[in-house]
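*Asks:* quick one: sequence and predicted model below, then my questions.
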There are 2 protein chains.
Amino acid sequence: MATNLNSHIWEPWMFRAINLASLAEGQTSPNPLVGAVILDEKNRLVGEGFHLRSGEPHAEIGAIEQAGSLAKGGTLLVNLEPCCHRGKTPPCTDAILRSGIKRVVVAIQDPDQRVSGKGIAFLKESGIEVVTGILEKEAAFLNRAFIFRNRTGRPWGTLKWAMSFDGRIGLSNGKSKWISGEKSRKRVHSLRAKNDAVIVGGGTVRSDNPLLTTRGIADIEPLRVVCSSTLDLPKEAQLWNTELAKTLIFYGPESDARCLENLPSGPERLCLEENTPIKVMEALAQRGCNQVLWECGSSLATKAIQQNCVQELSLFLSPKLLGGVSAMTPLADFGFSSMEQVFKLKEVSSNKSGEDFVLNMLFDNYG
Amino acid sequence: MATNLNSHIWEPWMFRAINLASLAEGQTSPNPLVGAVILDEKNRLVGEGFHLRSGEPHAEIGAIEQAGSLAKGGTLLVNLEPCCHRGKTPPCTDAILRSGIKRVVVAIQDPDQRVSGKGIAFLKESGIEVVTGILEKEAAFLNRAFIFRNRTGRPWGTLKWAMSFDGRIGLSNGKSKWISGEKSRKRVHSLRAKNDAVIVGGGTVRSDNPLLTTRGIADIEPLRVVCSSTLDLPKEAQLWNTELAKTLIFYGPESDARCLENLPSGPERLCLEENTPIKVMEALAQRGCNQVLWECGSSLATKAIQQNCVQELSLFLSPKLLGGVSAMTPLADFGFSSMEQVFKLKEVSSNKSGEDFVLNMLFDNYG
């Protein structure tokens, strides 16, 4: 997109739109995160809004309603190109025209094939000045999951693990409660709230019997997903109680039919063409997931990375030493024989969480 | 020690004394790090100094010489109790009396049995006002190695390793060059310069053939120590060239006598009662080492931790994923069966070094 010489005028307001958009992180799928700001003729703030959830009004509509007649002759700033198609709600471009807004400032084009430049073209054709490319990088990062799903047909994957300073995710006897501190465990609940689904393998269900909820942080709990190749699952498990949150069990055609009969009745079950991370991700994208969290053991995590189903890593590093030659490590073998082959990560953020370090990283190949 | 109601007057100057002292980090052994500041009667800075190296004048002497007659009626601030015994240089207490200084402000008592309160007592008996306990904690941390050696008869041990984000210190095929980035490798040279000796096992000599110098950062290169239980050492190795730095090979009584004959001629060799980390540390303390750096593999590192020969950890965490079920990990087994038993670490500092994270930690049991 073209850059704008006057971009410094719009950047602070676009930051505001991006911040508004981010308030709904993890809640808008399959829709993107969108925030909108309206300035009057003299560039005074007269309206703002953000998209809360699929089916709810788009960000632009909330801002236009708040601005009312003050929008006339003003400027709309929005982090994603306004839509020009009728989905669950009417096209935003119509509302913009009706409001009398004379200028629309957009950070990035909508990657959705139904929009993808058509919204901007429509506004221009209707005589509205359109400025594009303001805080493009920041806006693309905010909606990295939505953009990634539109491009690949798979949700953005984040892999999370908690590890000691000597690289262990459990003791030799399998015990792993708790490596990270209380604050970090609460932070994991927030991380789940920013995702549409949380994935574990059958092994994690058998050994840890996790609950995998946000403990009420999210209005809608993310879907809890179990990938089981053997279907050798326990009769009783916290995940089988679907009052708190939904559970979905994925399995492959090679699974034991007898095990299928013994599956608990609460969770939904779905047979995939192949029980692989990539097929799991495709199925989750079809269900509207933009971003999912892998909370699985080393074997499934390794396969997920190998199949390009992990774009981001959230490492909780706890200041402990566990030791143990046979103690659990976060990843299995990639077959690397030289240091040139290994995966390289880029820092997104690094923070403390109590005594733990939380390091958020992007895979080099995410883009 | 007694706290002082007027401590806020002296703290900024004591910080200065501590900062001066730290300039000689790693260079003063077996002596402590000492900095001194002299203020005149009106509390104006008139002299300062620090101890550069064993055999060179003590910090107080440099400061007194610089202040000259302006010291009369003034105040001396020093992070460690002035000595009252004749070592390689005359007692500082005599010089203080001669200078006409009327007040001495001390952070901590000297743990050396030859001083240990006697210096302070002598000054008080001589009619000098003595204020103690100013920035006690900071001064004790600065000289933690000197204090630890005086208390235990062993040098302060720092263990260093470079690790990937998935807890590996090498690939399955043993390759480990390089896990950390170039900046971190330079930082390791500085870390060596702050230590009196650098220790590796025979395995590291065989597999990595390291040089283990500071690359000229330190005026006197730290002693390079090889702990070999088998004495199965390569004929050619960088460590056998002792022009750049001295090398010392420790071995135990059970070593193969034939291997002894094949040892290179450059390095010194020393047979210990037992070839254990604790005996190695005792021998290094006797040679005047206050602080040493463990740069060894997982087996020796684990033994060193178990024998309380490691008080500090310097972790270089590199944003890479190596994988590998059999890939090298930093530590071997401690036999822990519950999370209550594991070693807990306390943060000293966390920094970035290029793309790597450098996390400096204290063992909980160091004190």
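*Replies:* Sure thing, it's come through.

*Asks:* alpha carbons only for contacts and neighbour counts from here, please
*Replies:* Noted.

*Asks:* so residue A:32 touches residue A:144, yeah?
*Replies:* No. Between residue A:32 and residue A:144 there is no contact under Cα atoms under 8 Å: 9.3 Å.

*Asks:* residues contacting whichever strand or helix holds residue A:76, please?
*Replies:* Residue A:76 belongs to strand A:75-80 when assigned by DSSP states H and E. Outside strand A:75-80, the residues within contact range by Cα atoms under 8 Å, 6 or more residues apart in numbering or on different chains are A:10, A:13-14, A:17-18, A:21, A:34-41, A:43, A:60, A:101-110, A:139.

*Asks:* what about residue A:32 and residue A:144, which has more around it?
*Replies:* residue A:32 (28 against 21; other Cα atoms under 10 Å in any protein chain shown).

*Asks:* which element is that one on?
*Replies:* Of the helices and strands defined by DSSP H and E, none includes residue A:32.

*Asks:* and it, backbone torsions?
*Replies:* phi -80, psi 180 (degrees, to the nearest 10).

*Asks:* give the contact list for the closest residue to it other than its chain neighbours.
*Replies:* Take residue A:32 and drop its neighbours on the chain: the residue closest to it by Cα to Cα, 6 or more residues apart in numbering or on different chains is residue A:146, 5.6 Å away. By Cα under 8 Å, 6+ apart, the contact set of residue A:146 is A:30-32, A:155-156, A:290-291.

*Asks:* and which of these is nearest to chain B?
*Replies:* Using Cα to the nearest Cα, residue A:156 comes nearest to chain B of the contacts of residue A:146, at 19.0 Å.

*Asks:* which residues does the closest one bridge with?
*Replies:* residue A:291 (DSSP bridges).

*Asks:* for it, which residues are in contact?
*Replies:* A:144-146, A:148-149, A:290-292, A:309-311.

*Asks:* surely residue A:199 is within a strand?
*Replies:* Yes. Counting by DSSP: H, G, I helix; E, B strand; the rest coil, residue A:199 falls inside a strand.

*Asks:* counting neighbours, what do you get for it?
*Replies:* Neighbour tally, residue A:199, other Cα under 10 Å: 25.

*Asks:* now do the one 10 residues further on
*Replies:* Other residues lying near residue A:209 total 15 when counted by other Cα under 10 Å.

*Asks:* next: residue A:9.
*Replies:* Using other Cα under 10 Å, residue A:9 has 12 neighbouring residues.

*Asks:* quick one, what contacts the closest residue to residue A:321 other than its chain neighbours?
*Replies:* In this structure, residue A:321 finds its nearest non-sequential neighbour in residue B:343, 5.0 Å apart by Cα to Cα, 6+ apart. The contact partners of residue B:343, by Cα under 8 Å, 6+ apart, come to A:320-322, B:363-364.

*Asks:* may I ask which of these has the most neighbours?
*Replies:* Comparing these on neighbour count, residue A:322 comes out first with 32 neighbours (neighbours: other Cα under 10 Å).

*Asks:* any idea how far the closest residue to it other than its chain neighbours is from residue A:176?
*Replies:* Of all residues not flanking residue A:322 in the chain, residue B:342 sits nearest, at 5.4 Å (Cα to Cα, 6+ apart). Separation of residue B:342 from residue A:176 (Cα to Cα, to the nearest Å) stands at 11 Å.

*Asks:* what sits in contact with each of the two?
*Replies:* In contact with both residue B:342 and residue A:176: no residue, using Cα under 8 Å, 6+ apart.

*Asks:* neighbours around the closest residue in space to residue A:300 that isn't next to it in sequence, how many?
*Replies:* Nearest non-adjacent residue to residue A:300, counting by Cα to Cα, 6+ apart: residue A:201, 6.7 Å away. Residues near residue A:201, counting by other Cα under 10 Å, number 23.

*Asks:* swap in residue A:207?
*Replies:* 12.

*Asks:* what comes up buried for the top strand by length along chain A?
*Replies:* Looking across chain A with DSSP state E, the single longest strand is strand A:343-353. The neighbour-count check on strand A:343-353 (16 or more other Cα atoms under 10 Å in any protein chain shown) flags A:343-345, A:353 as buried.

*Asks:* which bits of the stretch 201-350 of chain A sit near chain B?
*Replies:* Applying Cα under 8 Å from any Cα of the partner chain, we find that the stretch 201-350 of chain A lies next to chain B at A:315, A:319-325, A:329-339, A:342-347.

*Asks:* ok, now which ones touch the closest residue to residue A:184 other than its chain neighbours?
*Replies:* Spatially, and ignoring its direct neighbours in sequence, residue A:184 is nearest to residue A:353 (5.6 Å; Cα to Cα, 6+ apart). With contacts defined as Cα under 8 Å, 6+ apart, residue A:353 is in contact with A:183-184, A:187.

*Asks:* dihedrals phi and psi, the residue nearest to residue A:322?
*Replies:* phi -70, psi 160.

*Asks:* how about the contacts made by it?
*Replies:* When contacts are taken as Cα under 8 Å, 6+ apart, residue B:342 is in contact with A:320-322, B:336.

*Asks:* need those residues in a markdown table (columns: distance to residue A:284 and secondary structure).
*Replies:* A markdown table is the format used below for those (distance: Cα to Cα, whole Å; DSSP: H, G, I helix; E, B strand; the rest coil):
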| residue | distance to residue A:284 | secondary structure |
| --- | --- | --- |
| A:320 | 36 | strand |
| A:321 | 37 | strand |
| A:322 | 36 | coil |
| B:336 | 40 | coil |
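
*Asks:* could you redo these as JSON lines and give each row pLDDT and distance to residue B:279?
*Replies:* Formatted as JSON lines, the contacts of residue B:342 follow (pLDDT from 0 to 100; distance: Cα to Cα, whole Å):
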{"residue": "A:320", "pLDDT": "97", "distance to residue B:279": "26"}
{"residue": "A:321", "pLDDT": "97", "distance to residue B:279": "24"}
{"residue": "A:322", "pLDDT": "96", "distance to residue B:279": "25"}
{"residue": "B:336", "pLDDT": "95", "distance to residue B:279": "25"}
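
*Asks:* wait, which of those residues is closest to residue B:96?
*Replies:* Nearest to residue B:96, judged by Cα to Cα, of the contacts of residue B:342 is residue A:320 at 47.1 Å.

*Asks:* and the strands in the stretch 101-250 of chain A, which stretches?
*Replies:* Assigned by DSSP state E, counting those that start in this stretch, the stretch 101-250 of chain A shows strands spanning A:103-108, A:129-132, A:156-164, A:197-201, A:223-227, A:247-251.

*Asks:* what count of nearby residues applies to the residue of the stretch 101-250 of chain A found nearest chain B?
*Replies:* Relative to chain B, the nearest point of the stretch 101-250 of chain A is residue A:167 (3.6 Å; Cα to the nearest Cα). Neighbours of residue A:167 under the rule other Cα under 10 Å: 28.
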